[in-house]
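Undergrad: model this:
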Amino acid sequence: MNYLVPLGMEELAVLQQKYGFSVAASSYSEDESESIPGNEGMIPLNALLDPGGCTAYLDGLAARLGTDSRPIAASMFAKRYAAIAVMPYFHALTCYDKALELTFETMRLRSGKHWLDGITFELPLRAVPCTERREAWRSHAAESLIRHHLSSLWQSLSSNSGLPMAIIWENTAVRIYSLYEKKLRNCGEVSAARIEEDFRFLLHELPAEAFMQRRQPFARFYGDGAPPEEARNHGSGGTRTRLTCCLYYRVSKGGEYCDACPKHAR
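TA: Numbering: from 1, shown residues only. Below is the predicted model:
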């Protein structure tokens, strides 16, 4: 599991286009780095593991969102980070049979027109390829991200903002559902059977202990063990109603609720 290979340029291009991944210009030759963003507006991801760095980031983000609430800022960050880091990780796992090397030391949070445009890597992006029985490789890859990356980041976010872990994990879970129910099914890069197989694995085979939770969050927020094809369509109009509120309505224009908000569904 320690054998690392560079991510292919075509694969990186897909992740850059879909999720905002980029690699620092210094990691490539002059020709390769022409279209890669510079270092403006970047914050080291590992700063969020430090209490002072985390609260400073959340306070700055809250101000940009028009609030003074750290819990709201933490929830918006968790939703966005899941979209630009967690989704591409599992995109690469399912489509390319590669587990991306996501390390706190090499990742930078990049801001621009959006308060979090994407992730920039200080080193060329590498991955652990599937060179063994896929089920064992997949299990190790998924648990490594959750146990050694997400759990640490989410715990810091919760501890330094007061946002309940349940909201943070549901913010993550809904991105996983969107990836496997919508994005991958429309991308044409992988078979429907592979998508369904990996989705079922994430819902029903990952242990709760990897998340440092009593209940496995991906399964918990999906719908009490229902198979994907059944739970996918529950809720009003085919939209899955969340169990927790992500607090988006507190920073949206006109106080609008998400379609999946439990407050909106009442």
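Undergrad: Enumerate every residue touching residue 108.
TA: Going by C-beta atoms under 8 Å, 6 or more residues apart in numbering, residue 108 touches 24, 39, 42-45, 119-122. Quick note: C-beta positions are derived from backbone N, CA and C, even for glycine.
Undergrad: That one belongs to a helix?
TA: No. Residue state for residue 108 (DSSP: H, G, I helix; E, B strand; the rest coil) corresponds to strand; a helix is not indicated.
Undergrad: What distance do you get for it to residue 14?
TA: Residue 108 sits 20 Å away from residue 14 when distances are taken as C-beta to C-beta, to the nearest Å.
Undergrad: Also residue 190?
TA: Residue 190 sits at a distance of 12 Å from residue 14 (criterion: C-beta to C-beta).
Undergrad: okay, those two: which has more neighbours?
TA: Higher neighbour count among residue 190 and residue 14: residue 14, with 20 against 16, using other C-beta atoms under 10 Å.
Undergrad: What helix or strand is the more buried one located in?
TA: Using DSSP states H and E, residue 14 maps to helix 9-19.
Undergrad: what comes into contact with that helix?
TA: Helix 9-19 has contacts (C-beta under 8 Å, 6+ apart) with 7, 21-23, 83-85, 87-88, 91-92, 96, 98, 118-119, 125, 183, 189.
Undergrad: just stretch 259-266 next, same as before
TA: Contacts with stretch 259-266, where a contact means C-beta under 8 Å, 6+ apart, come from 174, 235-237, 239-246, 248-249, 257-258.
Undergrad: And the furthest pair within those residues?
TA: Spatial extent of the contacts of stretch 259-266 (C-beta to C-beta) is set by the pair 237 and 244 at 19.9 Å.
Undergrad: More neighbours: which of the two?
TA: Each of residue 237 and residue 244 has its neighbours counted (other C-beta under 10 Å); residue 244 has more, 16 against 6.
Undergrad: So the more buried one is in contact with residue 170, correct?
TA: Yes. Because the distance of 4.9 Å satisfies C-beta atoms under 8 Å, residue 244 is recorded as touching residue 170.
Undergrad: Would you mind listing where the stretch 51-200 of the chain has pLDDT under the threshold?
TA: The stretch 51-200 of the chain contains no residues with pLDDT under 70.
Undergrad: any chance you could map the strands in this structure?
TA: Ranges of strands in the chain, per DSSP state E, are 5-6, 22-23, 42-44, 98-100, 107-110, 118-121, 126-129.
Undergrad: quick one: strands adjacent to the second one?
TA: Partners of strand 22-23 in the sheet, by DSSP bridges, are strand 118-121 (parallel).
Undergrad: How far does the strand it pairs with sit from its chain's centre?
TA: 13 Å (C-alpha atoms, centre = their mean, to the nearest Å).
Undergrad: List of residues touching it?
TA: For strand 118-121, contacts defined as C-beta under 8 Å, 6+ apart pick out 16, 19-24, 27, 37, 39, 42, 45, 84-85, 106-110.
Undergrad: Tabulate the CA atom coordinates of that strand in CSV.
TA: Taking Å, rounded to 0.1, in the frame of the first residue of the first chain, the C-alpha atoms of strand 118-121 are listed here in CSV:
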residue,chain,number,x,y,z
GLY,A,118,-10.0,24.5,-4.5
ILE,A,119,-7.0,22.7,-3.2
THR,A,120,-3.4,23.3,-4.4
PHE,A,121,-0.7,20.7,-3.8
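Undergrad: Before I go, just wanted to say thanks for your time.
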